[in-house]
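>>> Pasting a predicted model and its sequence here:
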Amino acid sequence: MNRQGSALYGAFTRMTAASLFLFSGLTLANNVENQPKNAHQNQLLTTLSQNSAVTAQGQTLFEQVCASCHGKDLSGGSGFNLKDGEWVHGSQPSEILANIESGFMNAGMPGFKGVFNSEQLQSIVAYILSQRQGFDGLTYKLYQMQSKDDRTISDDKLVKSGTLPKNLADFRLPEIQHYIIEFSGDFYTSRDEDTRIWIEWGAKADIDFEVDGKPIARDNRFGEWFPTWVVARGKQTLKITYRSADSKPGQRNLVLIATNDDMSIKKFALSTRAQKIMLNKKFNLNAEGETLVQRIKVTNLPAYSISVATPQQINYAFNSRSCDIVGLWQGEFLNIGPNIGGRGEDASIPLGDWVFHSPKALTFDTQESCRFMGYQMQHGEPVFRYTQGSHQVQVSAKAVTSKQLDIHYQVTGTAGEELTIRLPKSRKLTWNVPGTNTPETSDEKDYTMQRVKLNDKGSASFLVSAQIHPM
Amino acid sequence: MTRYLSTPRPLAIMPLALTLVATLAVFSANADQAPKHQYKPDGYHIETITTPKDVQFHITGLDSDKNGTIYVATRLGEVWTYKNETWKQFARGLHEPTGLLVDDDGSIVVAQKPELTRITDTDNDGVADSYQFFAGEWDFHDNYHEYNFGPAKDLDGNYYGTLNLSHNNPDAFTLGAMGSAGGHRGFAYQVSPQGEYSPYAWGLRSPAGIGASPQGEVFFTDNQGDWVPTSKMHLLRKGKFYGHPVSLIDIEGFSRDSVAKMSLEELAAMSEKPVVWIPHIEVSNSPGNPEWDQSQGKFGPFAGQIFIGDQTQSNVFRVLLDKVNGQYQGAVINFMNKFQSGNIRAEFDSQGQLWIGQTAGGWGAVGGKPFGLQKVVWDGTNPFELLDIKLNAQGFTLTFTDKLDKGSVTLASFTAQHWNYHYSSNYGSPKKNLESLNISKVTLADDGKSIDVLLPLAADRVVQIDFTGLRDTKGRQVSVDKVYYTLNQLSEK
């Protein structure tokens, strides 16, 4: 089992690299002669980042060459996180482009100037910019208030202000009893789905949020102790106003985390304390050399799922309650960090791309419930056994290539009996069941039906082969 | 108030250090505090075991075999063995196990969240290859708090486990902090040697520790919280209700509506009394499994007694059982503190060493380290500590491990108080009806080790006796000078 990216190790790598290469970053950023050109380039790259055709091309290139170090989701690995607010070598689009062109050989990153043409390089930068999340250009203002009930901000109460280069709201800045602190900056979120700001244990926090100058409402749909605020999609300005009011000193260092709309995935940190928690939430699990079985809570998979990673980077999940194959994904296996960090409230996140997942499932077309018997490791692969009605079933899977998973069933039942398998439809997938007739399909259902006949001894042994193809 | 395998109420949601401060502030009127000094009996010390490098080694299951091999299950889902200072990975891929048993046939039974699994190395290559479903007919809803603790095994070969309630599960029925979406959450279960599952008892909350006595009786601990005024240990009895109401929804004749309408009096009358209440913070916040010293003296004078670790306080305490009118009750007393992490599991090996499996688990532990393994070893020195306490008609008999200095056995050496708790949906209870007790007489017995303490007695109280002034004949003072006796009933004799 190979587990990468323990939080401590990640943090250490990041700091060491930061201190080593800060100098070169500063050199680039301070190159005064290039400023007019930079302004033009910054504008161009920002525009390109809003062009989906360009970012799609950039994404393809990024995943080919950059993802192995910076993570497919840009959250970092041996290379830096590229979507948070911390830019060690400069945050301007032109600086990012220059850094990709020249690379950091000392850090193991080659320059890509001769590898890609200018348009390709721009598309990579555009894609990176399109994935930005969190604050940029974050500033704060701290006001000293007369009492816990004083809510009126005025210039004469301003005691401290400044910028926060890490683009994280630092709620430890005030060292006074009664205060209001404002944080304000550009703020980036996903363009494809809603983002919520969640304050962990935030029921009593006296706090307001403004997006582009307009207040947004506290949403307690997840309970009083899970207050959230839905922000805009894409780029916006976000202002946070926090009042110490009658909170106790220990309650003032807030944990602000951006989540997806149903709060099932924590996306990024807004505050320094949240960042510490999020660094704990990355722990990648992959099969290297041998198949890996892991039972754990996983996003989009039902309870009782047993996830299996193959060295060919096809992953699937067998469910011990339904006895179905309830998910199939290609690429890296799981980030189990969300599930093992803290108290383990959150689901692990599949790192690859879904081919299908629950409620779609590879299953027998039957109403009979199953009884899971367990699994045995045979030739390095788990063989799952269960009974379903009068049938005894064994199922195992083998990745033939990175694009083909052969699922092997052995069924015993009544001689001559016909069983029907449901093959879930997916545009990324073609099913092939050798030695059987053409499957029955209809547009209304999200699966096709494949009949399999038991022999005169009442058994059948057959392959269900999943052929995954690029979209 | 922060605890492993249990959930804090909204009041106690700050990080650990702050939580402790807040908690102490809330209850400062009662001065409930953990002892600040290091306590350990003479002759005992802690040894720290190096765990495998670069592995998150949160130990949540711990057992040993007759050859002294240590087996651990970790929260990451792995099983490792430790023998001759060497770690070997035996199994992996399990769903956050919180218990492990080395069975008589050498197979390992692991309590993982969805099931009990029997794990075997069938091809004898030193690594498990067979993961067979053993029992799991309860429902697991993928909620982080739905732990499966166990198994313990009785003398007939039956297995027992306990099922934690859920927390923050929107589909669950709650009357406070913890909930049940059904499927025997908050139950203890029994599994026959053939693997037949049956729900066994209910009303449990966050029952993080279960163990069987040498006589085959099964005891479990439950963590302070809603409907549990302070942590406690119970004798597990079939068909009994243990106080947390939400699991009643799985019992015929009850529904979510009817349970919500039940009065405190009705619920209290149905509830089993604990064998011991474990005073919050002073002794324990989040007790783990009860473990019996069966070393017959290899671990010193406490043979036969129960040892329990605490996940929050990073300490170990003892349970001193008494049988009064045929029913168990008894006392708790701190044993050792200053462990490095959260003491969730305890196990005596065949050499009489007390192994402590540790995790801070995200709840935090006084010890500070996130996980680890330590053991308590005795060097043969006879300590001077309270050995035992027994109720009699007029008071208690306290027995010590060494001969007492007669001159110190005076009324001035003792103080006593008693109190009870308020059972409710509130998260824990402060001490109620707290009164100091007037000790009228203390008498040293002829053996020189036992003292009869005369004081007024009332049922349904926790009686605390402090014996700070006592000295042994060598002039030694005890390291722990407070014992807490759960007086459910007075002695008829």
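Here it is on my side, so go on. Residues are numbered from 1 along each chain as shown, chains lettered A, B, ... in the order given.
>>> Can you report phi and psi for A:I407?
phi -100, psi 120 (degrees, to the nearest 10).
>>> do the one 4 residues further on as well
Taking degrees, to the nearest 10, you get phi -120, psi 140 for the backbone angles of A:V411.
>>> same question, A:Y143
phi -110, psi 130.
>>> does it have beta-bridge partners, and which?
When bridges are called by DSSP bridges, A:Y143 pairs up with A:L158, A:I180.
>>> Would you check that it makes contact with A:L158?
Yes. A:Y143 lies in contact with A:L158 (Cβ atoms under 8 Å); the separation is 5.6 Å. C-beta coordinates here come from the backbone N, C-alpha and C atoms, glycine included.
>>> Compare neighbour counts for those two and give me the winner.
A count of neighbours by other Cβ atoms under 10 Å in any protein chain shown puts A:Y143 above the other of A:Y143 and A:L158, at 24 against 14.
>>> Helices of chain B, start to end?
Ranges of helices within chain B are B:16-26, B:256-261, B:264-270, based on DSSP state H.
>>> List every C-alpha atom in the shortest one, with coordinates, as PDB.
The reference is to helix B:256-261. Output in PDB follows, covering the C-alpha atoms of helix B:256-261 (Å, rounded to 0.1, in the frame of the first residue of the first chain):
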ATOM      1  CA  ARG B 256     -40.400   8.200  17.300                       C
ATOM      2  CA  ASP B 257     -43.500  10.000  18.500                       C
ATOM      3  CA  SER B 258     -44.100   7.900  21.500                       C
ATOM      4  CA  VAL B 259     -40.500   8.000  22.600                       C
ATOM      5  CA  ALA B 260     -40.400  11.800  22.300                       C
ATOM      6  CA  LYS B 261     -43.400  12.000  24.600                       C
END
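>>> what does it rub up against?
B:173, B:175, B:245-246, B:248-249 (Cβ atoms under 8 Å, 6 or more residues apart in numbering or on different chains).
>>> Ranking helices and strands of chain A by mean pLDDT, which lands last?
helix A:7-29 (a mean of 34; mean pLDDT, DSSP states H and E).
>>> meant to ask about chain B
helix B:16-26 (a mean of 35).
>>> ok, for the residue in the stretch 251-400 of chain B that chain A sits nearest to, nearest residue in space, not its chain neighbours?
Closest contact between the stretch 251-400 of chain B and chain A, by Cβ to the nearest Cβ, is at B:G362 (3.7 Å). Leaving aside its chain neighbours, B:G362 sits nearest to A:R343 (3.7 Å; criterion: Cβ to Cβ, 6 or more residues apart in numbering or on different chains).
>>> ok, now which ones touch the one you found?
A:R343 touches B:144-145, B:361-363, counting by Cβ under 8 Å, 6+ apart.
>>> Could you do A:N38 as well?
A:92, A:94-95.
>>> Which of those residues sits closest to chain B?
Nearest to chain B among the contacts of A:N38, with distances taken as Cβ to the nearest Cβ, is A:E95, at 35.2 Å.
>>> give the contact list for the one residue in the stretch 351-471 of chain A that gets nearest to chain B.
As assessed by Cβ to the nearest Cβ, chain B sits closest to A:G374 within the stretch 351-471 of chain A, at 3.6 Å. For A:G374, the contacting residues are A:384-385, B:117-118, B:130-133, by Cβ under 8 Å, 6+ apart.
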